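[1] give me coordinates for this.
(one chain, ligands or ions: 2)
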Amino acid sequence: MDEVVGVVIAAAGKGQRMKTDINKQFLLLAGQPVLKYSVETFSALKEVSQVVVVAHPQEVEHCRRLLGNERVQVVAGGKERQDSVYLGLRTLAQDTKLVAVHDGARPLLSSALVLSLLHKATEWGAVIPAVPVKDTLKEVTDDGVIVSTLDRTKIWQAQTPQVFPYRSLVYAYEQAVAEGFYATDDASLYERYCGRVRVITGDYRNIKITTPDDLLIAEALIRASRSDSLKERNRQ
Ligand SMILES: Nc1ccn([C@@H]2O[C@H](COP(=O)(O)OP(=O)(O)OP(=O)(O)O)[C@@H](O)[C@H]2O)c(=O)n1
Ligand SMILES: C[C@](O)(CO)[C@H](O)COP(=O)(O)O
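    Ligands and ions are numbered 1, 2, ... in the order given. Below you'll find the predicted structure:
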């Protein structure tokens, strides 16, 4: 891959829904901090030239020490996820061609998914991983009455990393700042200001750690995949 690829990992949230004293990014998951998983996945790829982690302003030093990786830059984030990602984007080298924006709260990212996204991005431009919803979806009023049942065949859940041509994403962010427009993912900004974003099938295991249940699920998934690879090694 010839493109210069930069990565922004958003890890500057407060993790309030986790209800722990320690920020969820630093909680231990199968013995390793949540954030370290995706940092290591990206850092190990020769296709990636720069990794920027955006941490809460009061946790920048802690984050640097915890990651202990001199090749990874840690910068301070902002109030909303979008503010943090923008600060990360501005830290990337000017010759960056593609950027992958990832949630530090998604530790179960596979390098195969990253490589597929990068490969597709060189062909298509903007591309994100998403998975079809599995449940029936209801639109409900504030007082708990069903208004409609959505056609779930058209509904996908967006994941990260989301990959974009770097200059275009920076342009989208500049426009969003100018308009005061906020969204919950990066693709929303690209769709609004730049154009078409494609989807590839993500990974149901690539969950976002949000509440204590997610930590239990992630731990079970990690242990299951470790035991699978142990069985595989024993078979050889
Ligand atoms: N100001 C913020 C807010 C969020 N994030 C990051 O964006 C990702 C997705 O956000 P979410 O899971 O909602 O994390 P928090 O905002 O930390 O969670 P909560 O809403 O429970 O406080 C996380 O990796 C989080 O650290 C960020 O970098 N900067
Ligand atoms: C970017 C994201 O993970 C895609 O699903 C999600 O939108 C983050 O949302 P949150 O509102 O910050 O939890």
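[2] can you pull the residues of the protein lying near ligand 2?
    When proximity is defined as CB under 6 Å from any ligand atom, the chain approaches ligand 2 at 81, 103, 158, 159, 160, 184, 185, 208. C-beta coordinates here come from the backbone N, C-alpha and C atoms, glycine included.
[3] residues in contact with the third one?
    Pointing back at residue 158 there. 128, 129, 130, 185, 187 (CB atoms under 8 Å, 6 or more residues apart in numbering).
[4] for the residue found closest to the second one once you drop the neighbours it is linked to in the chain, what are phi and psi?
    In this case it means residue 129. The shortest distance from residue 129 to any residue other than its chain neighbours is 3.0 Å, reached at residue 202 (CB to CB, 6 or more residues apart in numbering). In terms of degrees, to the nearest 10, the main-chain angles of residue 202 are phi -80, psi -140.
[5] so residue 152 touches residue 133, yeah?
    Yes: the criterion here is CB atoms under 8 Å, and residue 152 meets it with residue 133 at 5.2 Å.
[6] by proximity to ligand 1, which residue of this structure wins?
    residue 13 (2.0 Å; CB to the nearest ligand atom).
[7] tell me, what's the model's pLDDT at that residue?
    Per-residue confidence for residue 13 comes out at a pLDDT of 97.
[8] show me where the chain has its helices.
    Secondary structure of the chain (DSSP state H): helices at 34-43, 60-67, 81-89, 111-124, 166-179, 186-193, 212-235.
[9] would you list the ones you listed in CSV and tack on mean neighbour count and mean pLDDT?
    Formatted as CSV, these follow (neighbours: other CB atoms under 10 Å; pLDDT from 0 to 100):
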stretch, mean neighbour count, mean pLDDT
helix 34-43, 22, 98
helix 60-67, 16, 96
helix 81-89, 22, 98
helix 111-124, 17, 97
helix 166-179, 17, 98
helix 186-193, 21, 98
helix 212-235, 12, 87
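[10] near ligand 1, which of the residues of the chain next to ligand 2 show up?
    Checking these against ligand 1 (CB under 6 Å from any ligand atom), the matches are 81, 103, 208.
[11] show me the beta-bridge partners of residue 164.
    Legend: beta-bridge partners of residue 164 under DSSP bridges are residue 99.
[12] that one against residue 126, yeah?
    Yes: counting by CB under 8 Å, residue 126 is a contact partner of residue 164 at 4.7 Å.
[13] quick check: neighbours shared by the two?
    Counting by CB under 8 Å, 6+ apart, the common neighbours of residue 164 and residue 126 are 190, 194.
[14] ignoring the adjacent residues along the chain, who's closest to the residue nearest to the spatial centre of the chain?
    The chain has residue 102 as the residue nearest its centroid, 2.4 Å off, counting by CA atoms, centre = their mean. Leaving aside its sequence neighbours, residue 102 sits nearest to residue 161 (CB to CB, 6+ apart; 4.0 Å).
[15] neighbours of that neighbour, just the number please.
    27 (other CB atoms under 10 Å).
[16] okay, it: pLDDT?
    On pLDDT, residue 161 comes in at 98.
[17] residues contacting it?
    Neighbours of residue 161 in contact, by CB under 8 Å, 6+ apart: 7, 100, 101, 102, 109, 113, 114, 117, 129.
[18] check those residues against ligand 1, which are close?
    Okay, of the contacts of residue 161, nothing touches ligand 1 (CB under 6 Å from any ligand atom).
[19] just checking, residue 103 touches residue 160?
    Yes: using CB under 8 Å, residue 103 makes contact with residue 160 at a distance of 4.8 Å.
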